[in-house]
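A.B. asks: Predicted model, plus sequence, below.
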Amino acid sequence: MTSAATSNAPRPDVIRLDGVAKQFGVAPPALDSITATVRGGEITGLVGPDGAGKTTLMRLMTGLMLPDAGTIEVLGHDTRTGAARIQAEIGYMPQRFGLYEDLSVQENLNLYADLRGLAKSERPAVFDDLLTFTDLRPFTARLAGNLSGGMKQKLGLACALLKKPRLLLLDEPGVGVDPISRRDLWKMVEALTEEGVGVLWSTAYLDEAEACHRALLLNAGKLLFAGPPSALTERVAGRVFKLTGAAGRRRAILACALEEESVVDGVIQGEAIRLVVKRGADPATLRAQAGTEARIAPTAPRFEDAFVDMLGGGPGGRSKLAEATHARPADDGRPVIEARGLTKKFGDFTAATDITFEVPRGEIFGLLGPNGAGKSTTFKMLCGLLKPTLGEGRVAGFDLRRDGAEARNRLGYMAQKFSLYGDLSVAQNLAFFAGVYGLAGALKRERMALMTEIFDLGPHANLSSKDLPLGLKQRLALACAVMHEPEALFLDEPTSGVDPITRREFWTHINGLVEKGVTVLVTTHFMDEAEYCDRISLIDRGRSIALGTPDALKARVATPDNPDPTMEDAFISLVRSSSERAAA
Amino acid sequence: MTVSTHSVVNGSRRGSTVRLAALVHKESLQILRDPSSILIAFVLPAVLLFLFGYGVSLDTARTRVGLVIEAQTPLTQDLAASFQASRYFDVAVARDRRAFEEDLVLGRIRGIIVVPATFATDFTARRNPAIQVIVDGSDTNTANFVQNYAQGTVGNWAAMRGAETAARPPAINVQSRYWFNSELKSRNFLVPGSVAIVMTLVGTLLTSLVVAREWERGTMEAIMATPVSATELLAGKIVPYFLLGLTSMTLCVAIAVLLFGVPFRGSLLALYALSAAFLVPALGQGLLISAATKNQFLASQVALMSAFLPAFLLSGFLFEISSMPTVIQWITLLVPARYLIQSLQTVFLAGDIWSMFLRDIAIMLLIGSVLFLLAARSTRKRIA
């Protein structure tokens, strides 16, 4: 039911922030004089990379934390004096959803109904509504710990909605959740706004901001932008172009383009290159470099284009790392990574069934899929962390089962939760990983010095790696993974949540390495990372349901209504139709 | 100000009761479903009791020693026979102490008892005959034991010898009576002590772990953002673990009395009153630790160091407090387990002595209220 009042009249403010500041210890301020409002009846995106201050701001809004300076008014109550009233009237879903994993779905609902003081007489109707809304009815007896990520997220939302809040605060509801569940949740939340509920949705995915009514863009504790997302993308209007027709050379062309004075930002999107140019610059000059077959056409600006533009543009296209890497001899025809009929069973449960693919030298291959689909299992079998039940995996020609150590020496591994030793300093981490990969003596010193120089780690050499800002941690993790010049690089969600500048730096290095003949296997939820892949295997229910270039996968789901689908559209559509086939 | 707004929002007293009941119910479900709670509350106590009941015994039976008889005379042979007949020693005999030196160094024997060549002449001449006892000082308990029992054996032998020869009887005749633990079974006083250990584990270690777990998993943040008050949060943890502590104590006592035949001479009322009083400081400490650390690993370390080890070492459980250095003795005054153990040993072995119990209960409640006050101060409804 959408009343005329909520759709036309100016929506009331549900949160007012005035000069809010918060600092922890001697670190730079987590939040620096934030002044903004959040309105009822709409979704406001709280957007920014990890460490931007999103969670701190949300906690301040709940009254669980107090600001050092400034005031926060939530639903008319100051958080300093009215925290209890605020907590009675809002719904809050913290990261990881705040569920008791050893309680069942129904027990979690009962607990939060009791805590929120939902009258016994209202319960049957409310539970009924929420279970329908979240599709959780068949699972009421299941322990929350045994739900999938998407289902946990829905249950977390249901618990926050028990007593019809006027304001709903969602802290990164999309983290660790696949695009399908994210889209479902979004629809559920959108339905709430029609009843006048104000929603604050925090996210590190910049594309989510575009769908919000209004966005608050946070970076390093500062509010860079507040308003409708279109007002931000406005600033790069007419400056965003898509360069196509240079598929085989797109990485090299991007590297050159990024060095151009006139180019602000550039990323790879499947077989195309997306470029943002300076005001007044003529993109035609770029086309000349790209060769005669290349075409360049304007395209609709995105939130992220504007964000990077606001930050003063992305990094250059040169990778010192790639330049210092020895080129691998031209193809000897053998694939570097091979999966043949890889199958993994855990008891009765088959996590991966007959996964087969080959990755030739100098290619980026992506494993995509919903949570629990088996992509991590496949990934782990290929880097020698899990023994396959059936089938074989090879890296650089070495069978992982028989010559596991040889194979592992030829691969570099970097995980999303950067597997660094937090208590070791930057230099000690480098030395440790050099040792692990068998580097010693002069060679070890030389490689360590080189990594320190390339990634500009020198000024931080003596800091504990746990105290580094996220961007630096990311660099250090990459440095540790490539120190031994691996032939193959295994990346597990390497840049999710990282700020867009650091992400571009990272992919510049990866693209450069690939040009030198390094082979990359990446597993991710993050559609931007998928766009960098040459080919993708989409995994669902333990099986590869589609394999092809990003553009080919997108083309498969194109419809007259949606002639130019995004990677996310392709993902959702392919997984849906595969489950329908499985159900049939 | 805050109080008034609070009461408005929290609604009636009924709302608060509902919330507390919900928290207690939730916690109980978690305890029943979490194998580690069951492990700490029920399996560990059983294991501890079996260990103390069967494994650890401070009574030393048949200690291996070397007996050196430097001069073979009828007198010294008689003394040797008396050592060999002793039920405390397993004796090997030699003529030279060098025969045993290596064994002592290697720990194959616990001591060397040397009857010097002059012993027989000194004894008959009543010149205060000396024997030498060489012990392995690295294990002080056993060393003391060997020394004392060797003296005892020689003393007994001398007394009998004196009686037989109808010579002048020994000047002093000591007749020992052991009260309360007439069999002198260490099990009988170790078991009450292990009840204290078990309740420390449940009250402090388990409680600090479960609260820290809520911080780690983010559930604490979620429930704090509901109308729950800090008092309800604390009470929601205290009630279930208080009951769990008493249940696991009951289990311990049942095993001790029914299986090990430890006497139980006091009343159940005293047992439960003392245990309940002890759980106050134990839970207070657990809550304080978890509020301060918010991290399971750290919480378990702190709980082990600050609660478990003192309950083990500084409570009079294994080591006599009166034989500790004075400074350490002062420290033991702050260890709640000490008051529980001394009273429980009385409940088991002697009976109800309420003047003692009431004093100990009062002290435990005092320590407990201080800890609770600190815990409540640090568990405000704030994340940082």
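C.D. replies: Great, that's in hand. Keep in mind the model is a prediction, meaning the values are calculated, not measured. Residues are numbered from 1 along each chain as shown, chains lettered A, B, ... in the order given.

A.B. asks: How about the residue in the stretch 151-300 of chain B that chain A sits nearest to: what's its closest non-neighbour residue?
C.D. replies: When scored by CB to the nearest CB, the stretch 151-300 of chain B has B:Ala222 as its residue closest to chain A, at 2.4 Å. Using the backbone N, CA and C atoms, a C-beta is placed for each residue, glycine as well. Nearest non-adjacent residue to B:Ala222, counting by CB to CB, 6 or more residues apart in numbering or on different chains: A:Gly98, 2.4 Å away.

A.B. asks: center of the chain - which residue?
C.D. replies: Since no chain was named, I'll use chain A. Among the residues of chain A, the one closest to the centroid is A:Ser496, at 3.3 Å (CA atoms, centre = their mean).

A.B. asks: Can you look at chain B instead?
C.D. replies: In chain B, the residue lying closest to the centroid (CA atoms, centre = their mean) is B:Phe317, at 2.8 Å.

A.B. asks: A:Asp265 in helix, strand or coil?
C.D. replies: Under DSSP: H, G, I helix; E, B strand; the rest coil, A:Asp265 falls in the strand class.

A.B. asks: Going by neighbour count, which residues of stretch A:211-226 are buried?
C.D. replies: Residues of stretch A:211-226 classed as buried by neighbour count (16 or more other CB atoms under 10 Å in any protein chain shown): A:212-221, A:223-226.

A.B. asks: about what we covered before: how far away is the residue of the stretch 151-300 of chain B closest to chain A from A:Glu172?
C.D. replies: B:Ala222 sits 14 Å away from A:Glu172 when distances are taken as CB to CB, to the nearest Å.

A.B. asks: what does A:Arg96 give?
C.D. replies: A:Arg96 is 9 Å from A:Glu172, where distance means CB to CB.

A.B. asks: just B:Tyr54 next, same as before
C.D. replies: From B:Tyr54 over to A:Glu172 the distance is 54 Å, taken as CB to CB.

A.B. asks: which secondary structure element contains the closest residue to A:Ser181 other than its chain neighbours?
C.D. replies: Closest residue in space to A:Ser181, ignoring its immediate chain neighbours: A:Gly150 at 2.8 Å, by CB to CB, 6+ apart. For A:Gly150, the host element (DSSP states H and E) is helix A:149-161.

A.B. asks: Show me what that helix is packed against.
C.D. replies: strand A:90-93, helix A:105-115, helix A:123-134, strand A:167-170, helix A:179-193 (3 or more CB pairs under 8 Å, 6 or more residues apart in numbering or on different chains; DSSP states H and E).

A.B. asks: What lies in contact with it?
C.D. replies: With contact meaning CB atoms under 8 Å, 6 or more residues apart in numbering or on different chains, helix A:149-161 is reached by A:91-93, A:97-99, A:105, A:108-109, A:112, A:130-131, A:133-136, A:139, A:144, A:147, A:168, A:170, A:173, A:176-178, A:180-181, A:184-185, A:188-189, A:192, A:370-372, B:222.

A.B. asks: What of stretch A:569-580?
C.D. replies: Under the criterion CB under 8 Å, 6+ apart, residues A:178-180, A:183, A:368-370, A:527, A:530, A:538, A:540-541, A:545-546, A:550, A:553-554, A:556-557, A:562, A:565 lie in contact with stretch A:569-580.

A.B. asks: Return the set of buried residues in it.
C.D. replies: Buried residues in stretch A:569-580 (16+ other CB under 10 Å): A:569-575, A:578.

A.B. asks: re earlier: contacting residues for the residue nearest to the centre of chain B?
C.D. replies: B:190, B:193-194, B:196-197, B:311, B:337, B:341.

A.B. asks: Over to A:Ile268. Which of the three states is it?
C.D. replies: Look at A:Ile268: counting by three-state DSSP, its state is strand.

A.B. asks: For the stretch 51-200 of chain B, which residues score under the pLDDT cut-off?
C.D. replies: Along the stretch 51-200 of chain B, the model assigns pLDDT under 70 to residues B:53, B:55-61, B:139-141, B:163-187.

A.B. asks: Chain A contacts on that one?
C.D. replies: Within the stretch 51-200 of chain B, not a single residue sits near chain A (CB under 8 Å from any CB of the partner chain).

A.B. asks: The closest residue to A:Gln289 other than its chain neighbours sits in which helix or strand?
C.D. replies: Using CB to CB, 6+ apart and skipping the chain neighbours, the partner closest in space to A:Gln289 is A:Cys256 (5.8 Å). Per DSSP H and E, A:Cys256 falls inside helix A:250-259.

A.B. asks: A:Ile510 and A:Glu363 touch, don't they?
C.D. replies: No. With contact defined as CB atoms under 8 Å, A:Ile510 does not count as touching A:Glu363 (11.8 Å).

A.B. asks: When the two are compared, which one has more neighbours?
C.D. replies: A:Ile510 (26 against 19; other CB atoms under 10 Å in any protein chain shown).

A.B. asks: Please work out how many residues are found near residue 33.
C.D. replies: Using chain A. 15.

A.B. asks: my question was about chain B
C.D. replies: Residues within reach of B:Arg33, counting by other CB under 10 Å, total 16.

A.B. asks: so who does it touch?
C.D. replies: B:Arg33 is in contact with A:102, A:143, counting by CB under 8 Å, 6+ apart.

A.B. asks: give me that answer again for 6 Å
C.D. replies: Neighbouring residues of B:Arg33 by CB atoms under 6 Å, 6 or more residues apart in numbering or on different chains: A:Asp102.

A.B. asks: for chain A, where's the lowest mean pLDDT among helices and strands?
C.D. replies: When each helix and strand of chain A is scored by mean pLDDT, DSSP states H and E, helix A:4-8 comes last, with a mean of 43.

A.B. asks: which is the next helix or strand following that one?
C.D. replies: For helix A:4-8, the succeeding helix or strand toward the C-terminus, using DSSP H and E, is strand A:13-22.

A.B. asks: quick one: is that next one near chain B?
C.D. replies: No. Using CB under 6 Å from any CB of the partner chain, strand A:13-22 stays clear of chain B, coming no nearer than 9.2 Å.

A.B. asks: now do stretch A:465-476
C.D. replies: No. Using CB under 6 Å from any CB, stretch A:465-476 never reaches chain B; the gap is at least 13.8 Å.

A.B. asks: start to end distance for that stretch?
C.D. replies: 8 Å (CA to CA, to the nearest Å).

A.B. asks: list the buried ones in it?
C.D. replies: Within stretch A:465-476, the residues that count as buried by 16+ other CB under 10 Å are A:465, A:468, A:470-476.

A.B. asks: Sort out for me which of the residues you listed are in helices.
C.D. replies: Of the buried residues of stretch A:465-476, the ones assigned to helices by DSSP state H are A:470-476.

A.B. asks: Make CSV out of the residues you listed and add distance to A:Glu485 and pLDDT.
C.D. replies: Compiled in CSV, these are given as follows (distance: CB to CB, whole Å; pLDDT from 0 to 100):
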residue, distance to A:Glu485, pLDDT
A:Leu470, 26, 81
A:Gly471, 24, 82
A:Leu472, 22, 85
A:Lys473, 22, 87
A:Gln474, 20, 87
A:Arg475, 17, 88
A:Leu476, 17, 91
